[in-house]
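Enquirer: Based on what follows, work out the 3D shape:
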Amino acid sequence: MAQQHKKPVALFVYNRPSMTARTLNAIIQYQPDTLFVVSDGPKKNIDDEHKVNAVRELLASCEDLFNVVSWHREANVGCRQSIMTGLDWVFDQVDQCIILEDDCLPDRTFFDYCAQLLDRYQTCAEVMSIGGFRAEQLKFSGEYSYGFSKYPSTWGWATWRRAVTGFRTALAHWSDEDAMKWLESYLGSGTYARYWAYKLSSAHRGADLWDYTWAYHCWRRGGLSIYTSVSMIKNIGFGPEATSTVHSQHPFAQQNSQGFAFPMKHPVSIAASRDYDERVEHLLYSGMQRRCLELMRKAALERLARST
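Expert: Numbering: from 1, shown residues only. Below you'll find the model as predicted:
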């Protein structure tokens, strides 16, 4: 594979130094053009302040290795606000970027995968993002190295300034009734529309659901996202410290990353894979939810048994 100009990386962090250290080590091996650090501020307690400072000191230690540009918030704004405003800040400075959160541990091939596709689709308005994670339950089929879906993956991803523009205000004119009609038309299912309308209405009211907002933003722009033939991201953040991935028994918590095979074989056209999207919908709306409930119920019973 030919040597390629290194891309900037944005890393979103908060108060988990051990996880941040693992993800930062992967970034150090890549040696990005620039590392943008978006660090959420501490909540109003001493323990949180110590953890946030430990993360910031860790990141400062690599300033001699490559260019590091940091935004250290003084107060805690939460995951949603940190990421949405943080993306605006990053893309005020660069046209394209690879994006990681502290708990998204990438395989070393993830960065070159993103870099190649960032360049290939730089001016293609229809392509909104490049995903590095794929649930192993979503079996990949086809002769190409990746495909296109209406469902973006945001555990390790990459995008462009042109795509991020307008994201932060995507729900500014939200109306439950109007959105429900639009979602039902777009998704072709009242059940799916009700699920997304509930999530997006919650996001509009301030819930930490920025990833649902990103999907909606892409849809309203008529955009697609790239999904990968192999998952290059291991989410190491499942547990009580997480914002949303709190259940350590979640099936995704057991999934490891893999290396991507080069050279890439590119699809001949840009079109959503209906087969893949149907599998995402099945996973999102049925089987996975039942499986998660079963695992959470089992874990709760085990905790109850240990306490008696």
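Enquirer: Tell me the pLDDT of the nearest residue to G259 once chain neighbours are set aside.
Expert: In this structure, G259 finds its nearest non-sequential neighbour in T109, 4.7 Å apart by CB to CB, 6 or more residues apart in numbering. (Glycine included, C-beta is placed from N, CA and C.) On pLDDT, T109 comes in at 98.
Enquirer: Equivalent analysis for the one 3 residues further on, please.
Expert: According to the per-residue confidence, D112 scores 98 in pLDDT.
Enquirer: before we move on, which element is it in?
Expert: Counting by DSSP states H and E, the element that carries D112 is helix 109-120.
Enquirer: residues in contact with that helix?
Expert: 1, 4-7, 9, 30, 32, 96, 98, 130, 132, 146, 156-158, 160, 226, 228, 232-233, 257, 259-260, 262, 264, 266 (CB atoms under 8 Å, 6 or more residues apart in numbering).
Enquirer: Now do the very next helix or strand once past that helix: which elements does it pack against?
Expert: Counting by DSSP H and E, the next helix or strand C-terminal to helix 109-120 is strand 127-131. Contact partners of strand 127-131 among helices and strands, from 3 or more CB pairs under 8 Å, 6 or more residues apart in numbering; DSSP states H and E: helix 109-120, strand 157-160, helix 210-220, strand 224-228.
Enquirer: tell me the average confidence for the helix or strand just after the second one?
Expert: What it means is strand 157-160. Using DSSP H and E, the helix or strand that follows strand 157-160 in sequence is helix 161-164. For helix 161-164, the mean pLDDT works out to 98.
Enquirer: Sketch out the low-pLDDT regions of the stretch 101-250 of the chain for me.
Expert: 239-250 (pLDDT under 70).
Enquirer: orientation of the helix holding D112 relative to strand 127-131 in degrees?
Expert: Relative orientation of helix 109-120 versus strand 127-131 (axes from the mean of the first three to the mean of the last three CA atoms, to 10 degrees): 170 degrees.
Enquirer: For helix 109-120, buried residues please.
Expert: Using 16 or more other CB atoms under 10 Å as the test for burial, helix 109-120 gives 109-118.
Enquirer: Among these, which pair sits farthest apart?
Expert: Farthest-apart pair in the buried residues of helix 109-120 is T109 and L118; separation 14.7 Å (CB to CB).
Enquirer: rewinding a little: include distance to A170 when you put the helices and strands packed on strand 127-131 into CSV, please.
Expert: Output for those, formatted as CSV (distance: least, CB to CB, whole Å):
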stretch, distance to A170
helix 109-120, 22
strand 157-160, 14
helix 210-220, 4
strand 224-228, 15
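Enquirer: List just the one of those that sits closest to G237.
Expert: Closest among these, once you apply CB to CB, is helix 210-220, at 13.7 Å.
Enquirer: Run the angle between that closest one and strand 224-228 for me.
Expert: Counting by the same axes, to 10 degrees, helix 210-220 lies at 120 degrees to strand 224-228.
Enquirer: Now tell me what touches helix 210-220 from outside.
Expert: So helix 210-220 is contacted by 79-80, 83-84, 128-129, 150-152, 154, 163, 166-167, 170-171, 186, 196, 199-200, 203, 224-225 (CB under 8 Å, 6+ apart).
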